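Novice: Following is a predicted model, sequence given first.
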Amino acid sequence: MTMTAFEFRDGVLHAEDVPLTTIAEQFGTPTFVYSQGYFEQRYAALRAALDGIDHELCYAVKANSNLSVLHTFAQLGAGFDIVSGGELQRVLTVGGDPARVLFSGVGKTVAEIDLALKHQIGCFNVESAEELERLAARAALLHTIAPVSIRVNPNVDAATHPYISTGLKTNKFGVPAEQAPALYRFAAAHPALRVVGIDCHIGSQIADPAPLLEAMNNLLALVDNLAAEGIVIEHLDLGGGLGVTYDDEPDFAAGAYGAALRTALKDRHLKLLLEPGRFLVANGGVLLTRIEYLKPAADAASDGDAKNFAIVDAAMNDLIRPALYQAHHGIETVQPAAVDARRWDIVGPVCESGDFLAKDRLLALESASLLAVHSAGAYGMVQSSNYNTRGRAAEVMVNGATVRRIRHRETVRDQIALELDGLPASVFDVDLRQTGS
Ligand code: LLP
């Protein structure tokens, strides 16, 4: 359905038309490398799958919030799904249209609500009765009207990892379907609120459209009940969650999902909104990393537990998904090595046994080999940290034969800057140049 962003040409793994070896030389490692063409094509493919449906794609900023990634989607005309005031400011920075911003999340603060009201965002996806009351009060105070949707928890099993499943009664998200009508009545009657939509998001990395369609049916039943009370819903927001291929799972059946939505929404005056994140960006990125040391088992034959470790310069602070969700990320050498393949654990320098990127991978590795960790375009950089005072990786964007740095590699100076004025005066004058870069 879409291009492969990362392919071997003449034995070297490329990002679009650029060899990853060149990127490593120019920008160092670890570096996140993204393909702009891939992002554009995934967006177009999803739009095509929804052809004939009045719809809008609101890119879930949390998946990859780099300004240049957001700019790419803004240029394509996307809306945005945000979960913080910070994400709103990112969207505004790249010229995203606030009227097409959805604000999701269970814990919106007064400051965040005010910021979003000031910029007249498209919709607040409200997750509780208290939040609705707070929103109404802030909108009234600011003499404005807040557009609202109630996030309904449809109690549907998305059949995904428990940490990224959100549509069950036991999850903190949304309000139970039984409670939603009361919130809608409150909103419809309140002069500072305007009912515009209904929404849900049942989880992430969902393989099959079936649970999403089940959630849709639950929401449509509510839409009909509300209509009978004279409360008109203008848009139906089914969230994100469309799964991608990490290992051997099939790519989400966007065409089948679109076809089912087309049928279900045919005679309804409902605009469809989706909030895809991972589907648009995951496989448009790799984490480029170099081997620092090889630590093969002394004698694999003598001990069945013996392990071969390849220690790379990327770690769990750069890509936490393997440690946090037991996630699989494909790993390839950027150039083939003339050595025998064996099973390696690919680990980072962080002082935790949970610091691994992959286990038991059959790879032919030699000292200083460059590796590409695949599917790192979503929930990679955004979940990175400075653990072990490691600077965050650089990010680059490839577009055809051109590469541009879209985020500098973080320096120690960047990291310590926010801590310096906590020091006693005697050491406050520390010469920052000593920390190098
Ligand atoms: N809308 C809402 C309200 C969400 O909470 C999320 C993701 C999305 C949309 C986008 O979901 P997507 O289309 O990307 O599946 N860190 C985890 C994923 C957490 C997803 C949280 N919510 C991971 O690395 O797998």
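Specialist: Cool, the structure landed.
Novice: okay, CA-based contacts and neighbour counts for the rest of this
Specialist: Will do.
Novice: any idea which helix or strand comes after the biggest helix by length in the chain?
Specialist: Determined from DSSP state H, the single longest helix within the chain is helix 209-228. Next in sequence after helix 209-228, counting helices and strands by DSSP states H and E, comes strand 235-237.
Novice: buried sites along the next helix or strand after that next one?
Specialist: Next helix or strand after strand 235-237 toward the C-terminus (DSSP H and E): helix 254-265. Within helix 254-265, the residues that count as buried by 16 or more other C-alpha atoms under 10 Å are Ala254, Gly255, Tyr257, Gly258, Ala260, Leu261, Arg262, Leu265.
Novice: What average pLDDT does helix 254-265 get?
Specialist: Averaged across helix 254-265, pLDDT comes to 98.
Novice: Name the residues that touch that helix?
Specialist: For helix 254-265, the surrounding residues in contact (C-alpha atoms under 8 Å, 6 or more residues apart in numbering) are Leu46, Ala49, Leu50, Asp51, Gly52, Ile53, Pro209, Leu213.
Novice: Kindly write the ChimeraX command that selects the buried subset of those residues.
Specialist: A single ChimeraX command selects the buried members of these (16+ other C-alpha under 10 Å):
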select :46,49,50,53,209,213
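Novice: Could you list the residues of the stretch 1-150 of the chain in contact with the ligand?
Specialist: Selection of the stretch 1-150 of the chain residues close to the ligand by C-alpha under 6 Å from any ligand atom yields Ala60, Ala63, Ser104.
Novice: Name the member of the residues you listed that has the highest neighbour count.
Specialist: For those, the largest number of neighbours (other C-alpha atoms under 10 Å) sits with Ala60, at 28 neighbours.
Novice: Helices of the stretch 51-200 of the chain, start to end?
Specialist: Assigned helices in the stretch 51-200 of the chain, in chain order: 67-75, 85-93, 110-118, 129-141, 180-189 (criterion: DSSP state H, counting those that start in this stretch).
Novice: right, so of the ones you listed, which gets closest to Asn155?
Specialist: helix 180-189 (13.1 Å; C-alpha to C-alpha).
Novice: rewinding a little: near the ligand too, which of the buried residues of helix 254-265?
Specialist: The subset of the buried residues of helix 254-265 within reach of the ligand, by C-alpha under 6 Å from any ligand atom, is empty.
Novice: Now flag whichever of those is closest to Arg390.
Specialist: Distances from Arg390 to the buried residues of helix 254-265, taken as C-alpha to C-alpha, are shortest for Ala254 (38.4 Å).
Novice: Now do the same contact list for the spatially most central residue of the chain.
Specialist: By C-alpha atoms, centre = their mean, the chain has its centre lying nearest to Ala63, at 1.2 Å. Ala63 makes contact with Gly277, Arg278, Val281, Gly377, Ala378, Tyr379, Gly380, Val382 under the criterion C-alpha under 8 Å, 6+ apart.
Novice: hang on, the fourth one packs against Gly277?
Specialist: No. The pair Gly377 and Gly277 fails to qualify as a contact (C-alpha atoms under 8 Å) at a distance of 9.9 Å.
Novice: Would you map the strands across the stretch 301-437 of the chain?
Specialist: Counting by DSSP state E, counting those that start in this stretch, the stretch 301-437 of the chain has strands at residues 309-312, 331-333, 342-347, 356-363, 370-373, 394-399, 402-407.
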